[in-house]
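**Q** Structure for this input, please:
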Amino acid sequence: MLTQCPACHVRAQLSDSRSGAKVRCGECGCAYLAVPAGGREGRRGSRSHTAKIIVVVAAALVGAVALPLLKHTIGWGAPAEAAAGDETRPPVEAGASTDSPASTEPAAGLPAKGGG
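**A** Coordinates of the predicted model:
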């Protein structure tokens, strides 16, 4: 069987009986499990790559759904035109009715402005 060192990628020819055995690379000294080159290790790497792609795509989808909902919920990104065009009411004095315009006379029990 042909095997390959995972550290330095040097290939070595071993007997089939050594498959799955712990071996040491003659080039760099790295210890590894002997598997056929391009065998199980190649498939495992492919699965790992596929899993990474799935995680990235899932994260992108969650972000694409969550960010607009978050913006709507907490009011991020309100258009400047809409905020500037909103009608605003002047502040109402304490004790004044909100149904009619605020009077210029002081509320009962409060001193008149400028007087003492």
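
**Q** CA only for contacts and neighbour counts going forward, please
**A** Fine.

**Q** Tell me how the chain divides into domains.
**A** Domains of the chain are assigned by automatic domain parsing as 1-37, 42-77.

**Q** so can I have CSV of these showing distance to residue 93, mean neighbour count and mean pLDDT?
**A** Listed next are the domains of the chain as CSV, based on distance: least, CA to CA, whole Å; neighbours: other CA atoms under 10 Å; pLDDT from 0 to 100:
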stretch, distance to residue 93, mean neighbour count, mean pLDDT
domain 1-37, 78, 15, 90
domain 42-77, 29, 11, 78
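
**Q** Is residue 63 within a helix or a strand, and which one?
**A** For residue 63, the element it lies in under DSSP states H and E is helix 40-74.

**Q** That should have said residue 3, apologies.
**A** strand 2-4.

**Q** Partner strands of that strand and their direction?
**A** strand 11-13 (antiparallel) (DSSP bridges).

**Q** what sits up against the partner strand?
**A** 1-5, 37 (CA atoms under 8 Å, 6 or more residues apart in numbering).

**Q** now, the most widely separated pair of these?
**A** Farthest pair in the contacts of strand 11-13 (CA to CA) is 1 and 5. Separation: 13.2 Å.
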